[in-house]
Structure formats: C-alpha cells, structure tokens
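1. I'll drop the sequence and a predicted model, then ask my questions.
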Amino acid sequence: MNIYDAIMKAAEHIDLHPGLFNFMSPFSPSNDCGTPGCALGWIAYFMGDRNECVLKTAATALGFDLRKHPMHSGHPFYDRMQKLQGSPKRYGDSWRYSATECARILRLYAAKYHTSPAAVVPDWNAMAAKQTVATDSRSEELVS
C-alpha cells in the first residue's frame, strides 16, 4: 500500500474506532485484539507492519530518516500535524488527544505531503502501435 492510502486508511480507522486511538500507546496497534495505536502506529499497521516497533516503518514511509529525526516531540511529523491543525493559541495540540481531530489532520497531512497517486491512463495509441501479436497469427476476419 502506498503512503497516501495508508494515511487515509489510518484516518478512516481512527474516525470509525475512536477508542482504538491513543497518542501515548507504546504498542503495535491491532484490529484483532483491540490494541489501541497512535497515528504513526495505525499508518504503519496499514502499511502492513505488525511488529512491535512500528515507528520506524511509519517514519520511513513518511520520508523521515530516524537517524536525523528521532521520534520525539520535536519530530517534523508532529510539527507538521501541529501546523496543519491551525493556530496553537486556538487549538493547542488537541489532535494528539482527540481521535476525530487526529483523523481530520491526518487527511490534511496526506493531501499536503503525500498527494494521491494519479490515475494512470494507458496510452492506447502507443500500445496499438506495438505489434504484440505476429501478423501471420491474426484472425482472417480481422485482416482486410
């Protein structure tokens, strides 16, 4: 799954199951046993990671090098989420404690930093120009 889709799935999941969101959760989230997860945990979960430490998967998929940016309160992911939420005077850091707000900000994050993969429309003319079937193997009905 690409990162945009994983972020959007995480946002949808957090919206639908607010009790399974916990910013402070140190565990790998799980749909199976109801283990809550943080925003990064759910992103990693939808990227397919079911290991104990999901932060590396999420940070790498989001484009961060953990050697340069260890996961702590000043991490660029958290800073970006905070900025997308709006003025700290008005909102504070409520995305960390509100499942609804976290899901909303994750959608904004995906749209701003990880654009949706563009639909690939085949170039039918180029495909038609390539003769993938030998001329002598065509049906006589098609040859005129």
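-> Perfect, thanks for sending it.
2. pLDDT (mean, whole number) over stretch 95-108?
-> Across stretch 95-108, pLDDT averages out at 93.
3. which residues are contacting it?
-> Contact with stretch 95-108 is made by 7-8, 10-12, 14-15, 17-19, 21, 23, 39, 43, 81-82, 84-85, 91, 94, as judged by C-beta atoms under 8 Å, 6 or more residues apart in numbering. For glycine as for every other residue, the C-beta is placed from the backbone atoms N, C-alpha and C.
4. Which members of these are positioned in helices?
-> 7-8, 10-12, 14-15, 39, 43, 81-82, 84-85, 91 (DSSP state H).
5. min pLDDT across the residues you listed, which one?
-> Lowest pLDDT of these: residue 91, 52.
6. count of neighbours near residue 30?
-> 14 (other C-beta atoms under 10 Å).
7. what sits against it?
-> Contacts of residue 30 (C-beta under 8 Å, 6+ apart): 37, 45, 50.
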